[in-house]
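> predicted model and sequence below, questions to follow.
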Amino acid sequence: MAHQKKFKKTHPYSILRQMRISVLLILLSVLQQFLVRPQGLLEIIGSLGLNAFYVTVILSYTLSVYGNFKYCTDAHCVHICKGVFIRKSFTIPYHSIRTIVFYRDIFSSLFGAERISIDTPAGSTRRYDMTSYFSRRIASDIRNMLHRKTVSAVSYRSRTMSIIVMAAFWSNPVTGLIFIVPVVNNAGKILGREVADNLVRSSIYSPVRYMVHFISPAAATIASVILVSWTISMILCFLRYVRLCTYRIGDYIIISRGLLSHSMTYTRVSGISSVNIDQSLLMKLMHLKSCSISVIGSGKLKGDKGMILSAEKAEDIRRKMTDLTGITHDEVKRISVARGSIFTYIRLPLLALLLPAGFFMLRYLLPQLRETITFLSYVVLFVVLWWLLFRIFAYRSSYIAFSQQCLIVCSYHRLTLRKYYIPFDNIQKIEVSQSTMQKYSGKCNVHVCLYAEKRTICTVRQLPKSQVDQILENSG
Amino acid sequence: MRKKNDDVKISPSPYAETIWRVDLSLFIILLIIPVIAICFASPLIGGVIGVILLVVYPIMMRYIIPAYVRSCSCRLTKDCIEIRRGVFFYHSVQISFSSLQYCVLSQDVIQRVFQSCSIGLRMAGASAAIRHIPLENGRKIKAIIDSIMMEEYERGDENGAPKEI
């Protein structure tokens, strides 16, 4: 029984991680000392006492969290006790664990700690079932235990150039802005608003000086913000995925990646919900594809896309995918999108073309912002045209097919064409829907539901209904 | 291996009513603060909400909580866990051991005072709970559920399911 076992504590680095937000609160109370500058003896004693109280409360809570987190393992399961106000004790059997993530960054490495997270199909879709810091020796022992039954290993190491290409495809200015805004904001809080304002001014005006000869200063500012944000996003993405290595050891797929923060994800091959081959329009132009997996626990680590193979030629991707996951790509029966259904695919981008048209009209209403609005109109027009071209590409490439092992669904997901290889056992539901117009034209939409960390639905639109019925009847 | 006549009936803690009453009282105390704030903005709306609270609170304390605790029952059978509860809306849940991933024994501050606990049952994409049972019983039930889960897994393994780790 769990309460008869000898429970162990985790690595003390957990205290520091727990205190990372609390430390700011302690700093605030110290800053308060400097700002309020208590004059009288009573004021000084009161202020110091208040600060001491804050510090004691924060420290006590942090130490209680650390002290109450205990674990022990046996041959079948891991027992965990945690919680200060709500105490929880639970036992996770090894056979329920689908994903184990080993993660370390520069700071945890300095303290000789490594974060281990385990995940099961149960629990939250945003957090792991158990996460804590352990010594690197324990982490290494666990890894060795997982490798114990190794007979042969297949490995794949990505090229740096290929990761740069992937980072460029994935990056968007919004991610960069999300990163920049808190950095500038916090700089302002610590160093003063004037410093933050200067930081923004200098970072914006320096590129503007060069671009101002060709476009208006406002348009140059917008362009520079977009470019800088995109570059930052690309660097972050690159640092997360550089040195990507994927191994197949026994029943596990191991994904190792990252430069400044390194993560190793162990996933059971039997627990893979789907293997996905992704291709964006730009990748299509470069004849490249990438491969990822959908499993329980994927996407919980920051920036995790479950990628196992970065941008490669299609043939290489298929071969390596089969080596790593055991899923082959031989199609027995294939149903493509019905002819003449292109309008369903391009309807939204066509409507979105009204947006740049509206911007162009706006130039006449706001003549003083003519050049800026013109620049924005061209940017929006480019994005919408790209979307339109992608939807045409998706219309030509979407299909549903069967192989001996799995159902293959090729459909678009945002601006990526994704081919899902779904093992038959992992299909939760296949839904065929028909609108009134589709009833008349004999077409239908097919939705395939699979259970990964979040419920995923792959949809292929405008398939011929008769062929879909026939294939579903034959497959049982 | 447990037999059919080994069904375990789980009754709520003798303090279950008291714990629910304390929980409700704390909730009402938290509600009073916004009601006072509303009273300053609009005395009529604040007054109406206050009167409703004054009427609902004693009814809940006197009739609904005891009825709810009486309706709560749980049974561990050979294959599954049956949970029944509800006063106005009756719920009956059956959870097979094979679908369970793990179970959590939790104790909040009030439960610690009354030596009781709750057991959370975690499944893929769903969860259920057995609330306010005596702590000793909770520990035993958790141990039983854990051992049944292992038995289920090993039985699956004998039937040809792949054994992992």
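Noted; the coordinates are in hand. Since the structure is predicted, the reported quantities are computational estimates derived from the model, not experimental observations.
> same for the top helix by length along chain B, what does it pack against?
Looking across chain B with DSSP state H, the single longest helix is helix B:16-41. Packing contacts for helix B:16-41, counted by 3 or more CB pairs under 8 Å, 6 or more residues apart in numbering or on different chains; DSSP states H and E, involve helix B:43-59, helix B:65-71, helix B:109-113, strand B:126-134. Yep, even glycine has a C-beta here, placed from its N, CA and C like the rest.
> tabulate those in a markdown table, adding columns for distance to A:Gly306, mean pLDDT and mean neighbour count.
Shown next, in a markdown table, are the helices and strands packed on helix B:16-41 (distance: least, CB to CB, whole Å; pLDDT from 0 to 100; neighbours: other CB atoms under 10 Å in any protein chain shown):
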| stretch | distance to A:Gly306 | mean pLDDT | mean neighbour count |
| --- | --- | --- | --- |
| helix B:43-59 | 49 | 89 | 12 |
| helix B:65-71 | 44 | 94 | 16 |
| helix B:109-113 | 39 | 95 | 16 |
| strand B:126-134 | 24 | 92 | 19 |
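> A:Asn51 is nearest to which of the ones you listed?
With CB to CB, the closest approach to A:Asn51 among those belongs to helix B:109-113: 27.2 Å.
> how many degrees apart are the next helix or strand along the chain from that closest one and strand B:126-134 in direction?
Using DSSP states H and E, the helix or strand that follows helix B:109-113 in sequence is strand B:116-123. With axes from the mean of the first three to the mean of the last three CA atoms, to 10 degrees defining the directions, strand B:116-123 sits at 160 degrees from strand B:126-134.
> and strand B:116-123, how far out from the chain's middle?
The chain centre lies 7 Å from the centre of strand B:116-123; the measure is CA atoms, centre = their mean, to the nearest Å.
> what angle sits between it and helix B:16-41?
On the basis of the same axes, to 10 degrees, strand B:116-123 is oriented at 90 degrees to helix B:16-41.
> tell me the contacts of B:Cys72?
Neighbouring residues of B:Cys72 by CB atoms under 8 Å, 6 or more residues apart in numbering or on different chains: B:12, B:16, B:84-85, B:131-132.
> hmm, back to that, take the helices and strands packed on helix B:16-41 and write them to JSON lines, including distance to chain A.
Formatted as JSON lines, these follow (distance: least, CB to the nearest CB, whole Å):
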{"stretch": "helix B:43-59", "distance to chain A": "25"}
{"stretch": "helix B:65-71", "distance to chain A": "21"}
{"stretch": "helix B:109-113", "distance to chain A": "6"}
{"stretch": "strand B:126-134", "distance to chain A": "7"}
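> please convert these to a markdown table, extending it with distance to B:Glu152.
As requested, these are arranged in a markdown table below (distance: least, CB to CB, whole Å):
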| stretch | distance to B:Glu152 |
| --- | --- |
| helix B:43-59 | 44 |
| helix B:65-71 | 29 |
| helix B:109-113 | 29 |
| strand B:126-134 | 17 |
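> what's the closest of those to A:Lys313?
That would be, of the helices and strands packed on helix B:16-41 and by CB to CB, strand B:126-134, which comes in at 42.7 Å.
> and after the closest one, which helix or strand comes next?
That would be, after strand B:126-134 and using DSSP H and E, helix B:135-158.
> show me the shaky parts of chain B.
By pLDDT under 70, the low-scoring segments of chain B are B:1-6, B:156-165.
> 80 instead, please
Along chain B, segments meeting pLDDT under 80 span B:1-6, B:125, B:153-165.
> centroid residue for it?
For chain B, B:Arg131 is the residue whose C-alpha lies nearest the centre (CA atoms, centre = their mean; 2.6 Å).
> now for that residue: which residues touch it?
Listed by CB under 8 Å, 6+ apart, the contact partners of B:Arg131 are B:12, B:16, B:72, B:118.
> since that was my last question, I'll sign off now.
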